[in-house]
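# here you go, sequence then predicted model.
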Amino acid sequence: VSCCAAFFDRLLFDLTLTCGVSVTQTGQPLFTGPLLVFETLSDAFRDEDGFIGHEFYVESADGRTMERVTDGLEPVGIVPLDKPVINRDAPMLLCERRYFVEAGLLPPLDAASTR
């Protein structure tokens, strides 16, 4: 999470990785999942030779057309993301803190707290 420190400094409020902060009128949290997602389910497949792709084709017997391969493929499964992303199920709006500081709605961060 240290690679995302600069990103977190620009968020509106001090967000945590479990963002069950917002509460509905019934007292239930709006969202209780993780704020950041580090892996996702891939829609790619692996063939018998170990190649990864979304679709596989072989040359047909006549040598003029290509036929789509559907046998012998297995799903890749869960893959890590290059960078963490915000969970798409999180019901929140993110904006830069500076807009609220300029409007006088939030105090400015001192230089020591942003490091």
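Ah, there it is.

# measure stretch 99-106 end to end?
With C-alpha to C-alpha, to the nearest Å applied, stretch 99-106 spans 9 Å between its terminal residues.

# ugh, typo on my part, it should be stretch 35-44
25 Å.

# same thing with stretch 68-85?
In stretch 68-85, first residue to last residue: 34 Å (C-alpha to C-alpha).

# need the residues that contact it.
4, 36-42, 44-48, 52, 55-58 (C-beta atoms under 8 Å, 6 or more residues apart in numbering). C-betas here are computed from N, CA, C, even on glycine.

# direction included, what does the longest strand seen in the chain pair up with?
For the chain, the strand that runs over the most residues, judged by DSSP state E, is strand 78-86. Strand 78-86 has the following sheet partners, assigned by DSSP bridges: strand 36-41 (antiparallel).

# isn't residue 36 right up against residue 86?
Yes. Between residue 36 and residue 86 a contact is recorded at 6.6 Å, counting by C-beta atoms under 8 Å.

# what about these two, which has more around it?
Under the neighbour definition other C-beta atoms under 10 Å, residue 36 and residue 86 were set side by side, and residue 36 has more, 18 against 15.

# that one and residue 95, how far apart?
Counting by C-beta to C-beta, to the nearest Å, the gap between residue 36 and residue 95 amounts to 18 Å.
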